[in-house]
Structures are given as structure tokens and as C-alpha cells.
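Enquirer: A structural model of the following input is requested.
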Amino acid sequence: MNEKYPFNTLISKYRISAMGISMVSIMLYHQNWITNGIFFEWVRMLGYIGVEVFLFISGFGIAHSLAKNSLGQYYKNRVIRLIPACILFGLCKIALSYIPTMPPMQDFFLDLFSLSHWYIYAIVIYYLLAPVIYKIIDKRGGDCIFSNNYCHIYNNLFLAI
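Expert: So this is what the prediction gives:
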């Protein structure tokens with residue numbers, strides 16, 4: 001166990017599980033069949049918490065990556081993670097456009113700039129700002145968990161604007 005920062009070790013140990021639970025809560029939040037009643041309010045609350053936990057843990061992973069990699073390797077890793085997901089998303093969207101009940105392809109391009117893809121924009125902001133914020137915090141002797149929190153706070157402020 002990391003004696004200087006035991007919290008970091010705990011996050012690392014349970015990171016995948018926490019992200020999985022967060023993803024399930026976010027997916028439940030986005031299900032159309034859960035539309036009313038007290039159950040809906042409970043699922044909605046879990047969806048909001050899931051987003052916060054997922055972003056927090058993502059920020060922790062970003063800070064950890066910055067601590068162990070050069071800036072060039074950090075950005076290379078980010079591109080390698082983002083590009084395949086974006087390509088897969090695009091291919092699925094194109095394939096689904098051939099189903100008669102799906103909206104036409106021109107809606108796909110308009111949809112790319114809608115708020116429904118806010119997470120993509122948020123993670124890009126994380127990726128771009130994290131090295132700067134991490135460097136500032138690291139110079140002051142802060143733990144990477146604090147760098148993550150500053151990235152998370154900045155991201156929430158940016159999304160609120």
C-alpha cells in the first residue's frame with residue numbers, strides 16, 4: 001500500500017469496478033422505459049452520481065498517466081484510445097441509418113454537435129487541460145489526486161458556461 005497516499009492505492013484497486021458501476025447507472029438513466037415515479041427519481045439521482053464518479057476516476061487515471069509518462073506519450077495514448085472509439089461510433093451510426101425507423105444521415109452530422117455528446121467534449125477538455133493543471137499542482141508538491149480534483153472542478157465550471 002502506498003503509505004504516503006493510501007487513498008490513491010484504494011482508487012487504483014477499485015477503479016475498474018467503480019467505473020463499471022458508474023457506467024451501469026448512467027446507462028439506466030438514459031433508458032426511455034424508466035419515465036416516472038419514485039423509481040425514476042432514484043435512477044436519475046444514480047445517473048448523476050455515476051457521471052461524477054466516472055469523471056472523477058477518469059481524472060485520476062489521467063493524473064496517473066501524466067505521472068508515469070512523458071507528455072508526448074500521454075497524448076499518444078489519448079489519441080490511441082479516442083480514435084478507435086470515434087470510428088466505431090461513426091460506423092455504428094452509419095449502419096443504423098439504413099434501418100427505416102432511424103433518422104436520416106444528415107441528422108447524424110447535426111447530432112455530432114448537440115449536447116447529447118457532451119462527454120466527448122468533456123474528456124477532450126480533460127485531456128488538453130490536465131497536463132497544465134497537473135504541472136501546476138505537482139510543482140506545489142500536490143498529490144495527483146488533487147490534480148484530478150482541479151481538473152474535475154474546471155471541467156464542471158466549463159460545462160456550466
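
Enquirer: in the protein, which spans are strands?
Expert: Here the chain has no strands by DSSP state E.

Enquirer: where does it dip in pLDDT?
Expert: By pLDDT under 70, the low-scoring segments of the chain are 1-11, 31-37, 96-117, 141-161.

Enquirer: elements contacting the helix ranked longest in the chain?
Expert: Taking DSSP state H as the assignment, the helix of the chain that covers the most residues is helix 37-68. Applying 3 or more Cβ pairs under 8 Å, 6 or more residues apart in numbering; DSSP states H and E, one finds that helix 37-68 makes contact with helix 6-29, helix 71-96, helix 118-139, helix 144-160. C-betas here are computed from N, CA, C, even on glycine.

Enquirer: among these, which is nearest residue 56?
Expert: helix 144-160 (5.7 Å; Cβ to Cβ).

Enquirer: with mean neighbour count and distance to residue 46 added, can I get the helices and strands packed on helix 37-68 in a markdown table?
Expert: Shown next, in a markdown table, are the helices and strands packed on helix 37-68 (neighbours: other Cβ atoms under 10 Å; distance: least, Cβ to Cβ, whole Å):
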| stretch | mean neighbour count | distance to residue 46 |
| --- | --- | --- |
| helix 6-29 | 14 | 4 |
| helix 71-96 | 12 | 24 |
| helix 118-139 | 16 | 17 |
| helix 144-160 | 17 | 18 |
